[in-house]
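Chemist: Okay, predicted coordinates and the sequence, questions at the end:
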Amino acid sequence: LPISQLENVFQDDLPPSGLGSTEDSDQFGLYSTSWSGTSGGTFEELDESDIEAYVAAKASLHDVLTEQLQVAVSDPVDRMIGTTMIDLIDEAGYFTGSPPEIADRLGISLERVMTVLAIIQDFEPTGVGARDLAECLKLQLIEENRFDPAMEKLLGNLELMARRDFGALRRICGVDEEDMAEMVADIRKLED
C-alpha cells in the first residue's frame, strides 16, 4: 500500500473523542495501573516500596534462583548444572531431581553435581534446594547456628516427633527433657 493509504487504515478504530476521558483510557488499557501495578499517579510520585513490591511480585522462585546462580557461579559447566537443577526445584523450593541422573545425563561427575547443589542450597530463601523436609530444616538450623549432633539425630527421627514420642527422642538424642523442649521449639520456629 502507498503511504497515503496507510494513514487511514486504522481511523475507524480510534475513539470518537480521542483519549481525553478516563473511560476511553481504561478501554485501551492506558490507566497507570495497567502499566505500573500501582494505583495511579506519576512515576515521580511512586514510593520506592511500591516499585519494590511490583518487581518482587513479578519474580518467580525460578527467576530469583537463576539470578543468584549467575552471581555465585562463573564456570559455564557449573552454570549449566545449576540451571538444570533449578529447573527441577518445585514451587515449594524442594529439589525434585536425582543428582546421579543429572550427572549421567550431562556426562559429569556426581561430585561436581553435588558441589553445585550445595551452592544452590546456600541461596535465599534458606532451605531452598532441599530434597526433603529433614534436609530443609537442617539447612535452616545451620544458618541459625543451631545444628549439632543432637539436632541431627532428632532430624533423622522426625516421625517420632510427629507421634510426639519425646521419651524415645530424648534417649536417641541423648538430651534431657528441657533440652528436648528447646530443640522442638527451635524446629517449630522454622519454615518448612
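Modeler: That came through, no problem.
Chemist: show me the contacts for Glu135.
Modeler: Residues near Glu135 by C-beta atoms under 8 Å, 6 or more residues apart in numbering: none. C-beta coordinates here come from the backbone N, C-alpha and C atoms, glycine included.
Chemist: hang on, it in a strand?
Modeler: No. The assignment for Glu135 (DSSP: H, G, I helix; E, B strand; the rest coil) gives helix, which keeps it out of a strand.
Chemist: Please enumerate the helices of the chain.
Modeler: 3-6, 22-27, 32-36, 48-58, 61-72, 76-86, 99-106, 110-120, 133-143, 149-155, 158-162, 166-173, 177-189 (DSSP state H).
Chemist: For the last one, which helices and strands make contact with it?
Modeler: Using 3 or more C-beta pairs under 8 Å, 6 or more residues apart in numbering; DSSP states H and E as the contact test, the elements touching helix 177-189 are helix 133-143, helix 149-155, helix 166-173.
Chemist: Count the neighbours of Gln70 for me.
Modeler: 12 (other C-beta atoms under 10 Å).
Chemist: Could you find the closest non-adjacent residue to it?
Modeler: Arg79 (7.4 Å; C-beta to C-beta, 6 or more residues apart in numbering).
Chemist: Next up, the contacts around the one you found.
Modeler: Per C-beta under 8 Å, 6+ apart, neighbours of Arg79: Leu69, Gln70, Val73.
Chemist: and those as JSON lines, adding pLDDT and distance to Met151?
Modeler: Output for the contacts of Arg79, formatted as JSON lines (pLDDT from 0 to 100; distance: C-beta to C-beta, whole Å):
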{"residue": "Leu69", "pLDDT": "97", "distance to Met151": "29"}
{"residue": "Gln70", "pLDDT": "96", "distance to Met151": "33"}
{"residue": "Val73", "pLDDT": "96", "distance to Met151": "30"}
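Chemist: ok so, going back, reformat the helices and strands packed on helix 177-189 as a markdown table; add mean pLDDT and distance to Glu182.
Modeler: Output for the helices and strands packed on helix 177-189, formatted as a markdown table (pLDDT from 0 to 100; distance: least, C-beta to C-beta, whole Å):
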| stretch | mean pLDDT | distance to Glu182 |
| --- | --- | --- |
| helix 133-143 | 96 | 13 |
| helix 149-155 | 97 | 10 |
| helix 166-173 | 96 | 11 |
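Chemist: Dump these to TSV, plus distance to Ala92.
Modeler: Shown next, in TSV, are those (distance: least, C-beta to C-beta, whole Å):
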stretch	distance to Ala92
helix 133-143	9
helix 149-155	18
helix 166-173	26
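Chemist: so which of the ones you listed comes closest to Ile187?
Modeler: When the helices and strands packed on helix 177-189 are compared for distance to Ile187 using C-beta to C-beta, the nearest one is helix 133-143, at 6.1 Å.
Chemist: Could I have the CA atoms of that closest one written out in CSV?
Modeler: In CSV, the C-alpha atoms belonging to helix 133-143 read as follows (Å, rounded to 0.1, in the frame of the first residue of the first chain):
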residue,chain,number,x,y,z
LEU,A,133,11.7,-31.8,55.0
ALA,A,134,14.6,-33.0,57.2
GLU,A,135,17.2,-31.5,54.8
CYS,A,136,15.2,-28.3,54.6
LEU,A,137,15.1,-28.0,58.4
LYS,A,138,18.8,-28.9,58.6
LEU,A,139,19.7,-26.0,56.2
GLN,A,140,17.7,-23.6,58.2
LEU,A,141,19.2,-24.8,61.5
ILE,A,142,22.7,-24.5,60.1
GLU,A,143,22.0,-20.9,59.2
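Chemist: That concludes my questions; thank you for your assistance.
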